[in-house]
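> Need coordinates for the following:
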Amino acid sequence: MSSHQIVETLREEILTGRIKAGQKLRQTALAERFGISRIPIRDAISTLANEKLVIASPNQSARVVHLNVEEHAEIFDLREILECHALSHAIRYVSDVELTHARHVHKRTCLEAGKEGWSEGDRDFHMTLYSPSGLHRTQALIFELRQVCRVQVASYDNLQAQTALWIEQHEEILHHSDRRDAAAAVRVLRAHISDAKGALFGASE
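This next block holds a predicted model:
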C-alpha cells in the first residue's frame, strides 16, 4: 500500500469519526495494521499534518486535531467572515450554469443528509457556491477551516438532528443566489454558520 493510499484511508476515517478527534496515531501500530514499514506511515502523517487534520510529535506519534472551546469559536468566527465575503463575491459573478450545478450538488447533499460522511456533502455544497467568486486563496482557507470542523463534527452523532434546518437554510441561500440578492443570501449564511456553531458547542457540553 502506498503512502497516498494510506493518507486516503486515514483521512476518511478521521473525517467520518472512525478515528476520533484527539486520538493518537502511532507509527508502529499503523505499520503493523497496513503491513508496511514506518516510512510511508511517517509520510502519510506528515501529509495529514500539513492538512491540519493531525498534530505530529517528534517521538514518532501523532494525534488527530482536537479543538478547545476558544479554538472552536475562533474557527467559526473566521468562517463567518471568509464565507460571507466569498458568497457575496460569488453572487456578483455566478452564471446560470453554475447555479444549476449548485442545485444538483444540493440535491445530492439532501440524499446524503443524516448518513455517515454527510459533512462532506455539506462542505461540497458551500464550496460550490463560493467557486464563482474567483477568490482562490479565500476558498483554500475556507476549505481548510471546514476540514478541521468536520473532524469535530464527526464525534457527535446528535448533530444530525439539525439536518432539516440546515437543508432549509441551504435552499434559502440558493433562492437568494438565484435572485442575485447577495445581502439576503449572506444574511442566511451568517445565521447558518451561527446555528452550526451553537449546535456543535451544545453537543460538546
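
> and Ala196, how far is that from Asn68?
Going from Ala196 to Asn68 by Cβ to Cβ, to the nearest Å gives 18 Å. Quick note: C-beta positions are derived from backbone N, CA and C, even for glycine.

> Give me the three-state assignment for Gly22.
coil (DSSP: H, G, I helix; E, B strand; the rest coil).

> Which helix in this protein has the most residues?
Using DSSP state H to define each element, the chain has its longest helix at helix 69-93.

> Could you name the helices and strands sitting against that one?
For helix 69-93, the elements it packs on are helix 118-130, helix 136-153, helix 163-178, helix 182-204, judged by 3 or more Cβ pairs under 8 Å, 6 or more residues apart in numbering; DSSP states H and E.

> I figured Arg123 hits Val151, correct?
No. At 12.0 Å, Arg123 and Val151 do not qualify as touching, with contact defined as Cβ atoms under 8 Å.

> Pick out whichever of those two has more residues nearby.
Neighbour count, other Cβ atoms under 10 Å: between Arg123 and Val151, Val151 has more, with 24 against 18.

> Report the contact partners of the more buried one.
Neighbour list for Val151: 14-15, 21, 53, 64-66 [criterion: Cβ atoms under 8 Å, 6 or more residues apart in numbering].

> Which pair of those spans the longest distance?
Maximum pairwise distance in the contacts of Val151, criterion Cβ to Cβ, is 14.0 Å, between Leu15 and His66.

> Give me the residue ranges of this protein where confidence is low.
Within the chain, the ranges that satisfy pLDDT under 70 run 60, 114, 116-117, 155-162, 201-205.

> Please, which helix or strand holds Ile55?
Here Ile55, judged by DSSP states H and E, is contained in strand 54-56.
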